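Colleague: the following block contains a protein sequence and its predicted model.
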Amino acid sequence: MKEIDFLPEWYKSGRRRQVSYRTQYVALGGVLVVMVVWSMVSANSISRATAGLAKDAVRQAEAAGAAQEFVRIKSEVTQLQKKAESIKEIDSKIDVAGVLAEMSFLIDEKMVLRKVGFFGERFTDEQEGKPKRDSAVRAAGGNFSGKETRPLGDIRFRVVVSGVASDASSAAGLICKLEDSPYFCQVVPSFSRNKKMKVGTGLAGENFQVSEFEISCYLANYKELVVDN
């Protein structure tokens, strides 16, 4: 049996055009949806990137501030280290009050001191002219007395004691006490001589025979390590 198509050609063409238009509309709608979704995704990505850049800028600013603070603190530490080194160099490392208390304990009532001096000295070989031996103590030059500037670095202190005693035996006894004391070492008498001293005024004055002395020693607050070559 043969089918007969009674639909006109213009009707068929219109139907085909409508189908084509619908297909195009669907395709355009799909493209539009894809573009909208892509735009939203891109906007979200841009927003996250912007927020990340803002956070990075804040972190960079904090890092720059921390770096400046580190430089400042490092400079302060350097200054404090220099001050600590200076304090270490000018520190006499002696207990003056303890030394004077020890001397007060050693000196008896038959003796009167006129002067007690502390003099800073460099560490040197005892025998000049001979080759010096290696020593573990670093030398520092200069003397310290009164208004003079004390030498910096590792030094030892020479103590000079001068005064009068009732007799020469009292001065000799002080030398023995200084030698036995753990505070002093290398005790050497500088001089000891008899001297007349007048006590009182006018006719009531009376002359006494006394012994004038001066003793030199060193504070025993250091150890000098000597290594023979």
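Modeller: Received the coordinates, thanks. These figures come from a predicted structure and were not determined experimentally.
Colleague: centre-most residue in this structure?
Modeller: With distances taken as Cα atoms, centre = their mean, the residue of the chain nearest its centroid is Gln81 (3.2 Å).
Colleague: to the chain's geometric centre, what's the distance from the helix or strand harbouring Thr50?
Modeller: Element membership for Thr50 (DSSP states H and E) is helix 9-90. Here helix 9-90 is found 47 Å from its chain centre; the criterion is Cα atoms, centre = their mean, to the nearest Å.
Colleague: least confident secondary structure element in the chain?
Modeller: strand 134-135 (a mean of 34; mean pLDDT, DSSP states H and E).
Colleague: mean confidence for the helix or strand just after that one?
Modeller: Remark: after strand 134-135, the chain's next helix or strand is strand 156-165, criterion DSSP H and E. Mean pLDDT, strand 156-165: 88.
Colleague: what about strand 156-165, distance to the chain center?
Modeller: 35 Å.
Colleague: and it, which residues are buried?
Modeller: 156-159, 161-165 (16 or more other Cβ atoms under 10 Å). Backbone N, C-alpha and C define where each C-beta goes, glycine included.
Colleague: can you name the next helix or strand after it?
Modeller: helix 168-180.
Colleague: who are the packing partners of that next one?
Modeller: helix 96-106, strand 111-121, strand 156-165, strand 184-199, strand 206-219 (3 or more Cβ pairs under 8 Å, 6 or more residues apart in numbering; DSSP states H and E).
Colleague: could I get these as CSV with distance to Ala43?
Modeller: Below are the helices and strands packed on helix 168-180 laid out as CSV (distance: least, Cβ to Cβ, whole Å):
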stretch, distance to Ala43
helix 96-106, 81
strand 111-121, 80
strand 156-165, 82
strand 184-199, 89
strand 206-219, 84
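Colleague: which one of the ones you listed is the most hemmed in?
Modeller: Highest mean neighbour count among the helices and strands packed on helix 168-180 (mean count of other Cβ atoms under 10 Å): strand 156-165, with a mean of 20.
Colleague: could you list the low-confidence segments of this structure?
Modeller: Along the chain, the model assigns pLDDT under 70 to residues 1-7, 88-93, 123-154, 199-205, 224-229.
Colleague: show me how it divides into domains.
Modeller: Domain ranges of the chain: 1-67, 96-227, per automatic domain parsing.
Colleague: with respect to Ser86, which of these lies nearest?
Modeller: domain 96-227 (8.4 Å; Cβ to Cβ).
Colleague: I'd like the domains of the chain as a markdown table, with distance to Ile87 appended.
Modeller: Formatted as a markdown table, those follow (distance: least, Cβ to Cβ, whole Å):
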| stretch | distance to Ile87 |
| --- | --- |
| domain 1-67 | 30 |
| domain 96-227 | 11 |
